[in-house]
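*Asks:* Below: sequence and its predicted model.
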Amino acid sequence: AAAQVEATQAQIRQTDSTLQADEAQLGYTRIYAPMSGTLISVDARQGQTINSAYEAPVLMRIADLSAMTVWTQVSEADVTRLRDGMPLYFTTLGHPGRRWTARLHEILPAPPKPPASGKARPPPEAAAPPTASCSTPRCSKSPTTGGSCART
């Protein structure tokens, strides 16, 4: 019986030693965000094994929400009244009583194709052929300052 107790205690010491080594190794692990911003989605969970041997895994998505681009369709009857740089506003479902102010940045003949998940939006010159039924104003807005629309 004493030999069995000694063997069990040796197993406990070995497990403690392994745990300490694993905790030390984990202490060297640091994940740094490439930018500051707002966490908008989490793709990896605590305790999940991440394999980064072939490509960098996406752990979470961070966005800079201080300036945003809004794409919208405008009625054909109203398009002729739009001018580059004119002030405008829009509302969101999340803040029903709030008007977000901005300036019109660009009018396109048709909206560009939506980007695939995680891919950059195509440049305006890659937009669909002009159509008579829609134009797309684009503006940048800032929830805190109202924003300005710089050309990209």
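*Replies:* Ah, there it is. Numbers count the residues shown, from 1 in each chain.
*Asks:* all contacts plus neighbour counts: C-alpha atoms, from now on.
*Replies:* Will do.
*Asks:* Show me what the mean pLDDT comes to for the top strand by length along the chain.
*Replies:* If you go by DSSP state E, the chain has its longest strand at strand 100-108. Mean pLDDT, strand 100-108: 85.
*Asks:* Please apply the same query to stretch 71-90.
*Replies:* pLDDT averaged over stretch 71-90 gives 86.
*Asks:* So what would you say the end-to-end distance of it is?
*Replies:* 11 Å (C-alpha to C-alpha, to the nearest Å).
*Asks:* Numbering from 430 from now on, please.
*Replies:* Happy to do that; since the first residue is 430 now, the last one works out to stretch 500-519.
*Asks:* quick one: buried residues of it?
*Replies:* Trp500, Gln502, Val508 (16 or more other C-alpha atoms under 10 Å).
*Asks:* Just give me the closest of these to Lys542.
*Replies:* Trp500 (11.6 Å; C-alpha to C-alpha).
*Asks:* What does that closest one show for phi and psi?
*Replies:* With angles defined as degrees, to the nearest 10, Trp500 sits at phi -110, psi 130.
*Asks:* so what's Gly466 up against?
*Replies:* Residues in contact with Gly466 (C-alpha atoms under 8 Å, 6 or more residues apart in numbering) are Ile491, Ala492, Asp493, Leu494.
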